[in-house]
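Visitor: Following is a predicted model, sequence given first.
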Amino acid sequence: MIKIYKKRFLNKLIILTYLLLAPVTSSAEVGEKKWTKECNKDNKKICVIAINHQLTNPDSNKKQVLATVIVRLMSTTERKMALVDGEEKTYKLKEEKKLLPVLTIKFPLNVDLTKSPLIQIDKKNQLNIPFTHCNANDGCVTTIGIKNEMIKRLKAGNELTLISNIYGSAKRLELNLPLKGFSKAYDSLLK
């Protein structure tokens, strides 16, 4: 039980540290039709892939971003004890670097924070992600490390649906985003 708690705490700490150190792409650079790759202007090795959902204001014909989905790769170091000599029972601490995909979703303000947003791929429930924070610049944000199994589903899927409740209303906010270009964009992060 303690081992599981330590692992979860470590994952949360790694994600929080990464969020504080790595700049998040602005929604203005991200498109709504397919996934795109954006890299930091100062350090071209820091890249993310993203897509957003936009709504056109009928009065002004201006587009407003309702949600942005961002996937980035984070490097983690896993330490394991490896057996060096079986007779003498000698072990050596080895470090192995692994890439952890991190999913971040920015929702608009006024979503119901008491209910975690639901992520669906091709209308099949995948996971609920709790909110991490809200502010005027980003809206309400969820962030979670995801497994390679989820990446495979995103690559194979056609549509990503984000479902959240609206604060003070029985209505749900349901946003559909295409998964077109996800596979190619994600693979470009691995290079």
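Guide: Alright, I've got the coordinates. Residues are numbered from 1 along each chain as shown.
Visitor: what are the ranges of the strands in the chain?
Guide: Assigned by DSSP state E, the chain shows strands spanning 36-39, 47-56, 63-85, 90-107, 118-121, 124-128, 131-135, 139-145, 159-165, 172-178.
Visitor: contacting residues around the closest residue to residue 90 other than its chain neighbours?
Guide: Nearest non-adjacent residue to residue 90, counting by CB to CB, 6 or more residues apart in numbering: residue 84, 4.6 Å away. For glycine as for every other residue, the C-beta is placed from the backbone atoms N, C-alpha and C. Taking CB atoms under 8 Å, 6 or more residues apart in numbering, we find residue 84 in contact with 90, 91, 92.
Visitor: okay if I get the strands of the chain as TSV plus distance to residue 187 and mean pLDDT?
Guide: Converted to TSV, those look like this (distance: least, CB to CB, whole Å; pLDDT from 0 to 100):
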stretch	distance to residue 187	mean pLDDT
strand 36-39	10	90
strand 47-56	10	91
strand 63-85	11	88
strand 90-107	12	90
strand 118-121	18	96
strand 124-128	21	91
strand 131-135	27	93
strand 139-145	19	94
strand 159-165	17	94
strand 172-178	17	92
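Visitor: so can I have CSV of the ones you listed showing distance to residue 30?
Guide: Formatted as CSV, the strands of the chain follow (distance: least, CB to CB, whole Å):
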stretch, distance to residue 30
strand 36-39, 6
strand 47-56, 4
strand 63-85, 6
strand 90-107, 10
strand 118-121, 18
strand 124-128, 21
strand 131-135, 18
strand 139-145, 14
strand 159-165, 14
strand 172-178, 11
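Visitor: Tell me, how many residues neighbour residue 59?
Guide: Per other CB atoms under 10 Å, the neighbour tally for residue 59 reads 6.
Visitor: Specify the beta-bridge partners of residue 121.
Guide: Beta-bridge pairing of residue 121 under DSSP bridges involves residue 124, residue 160.
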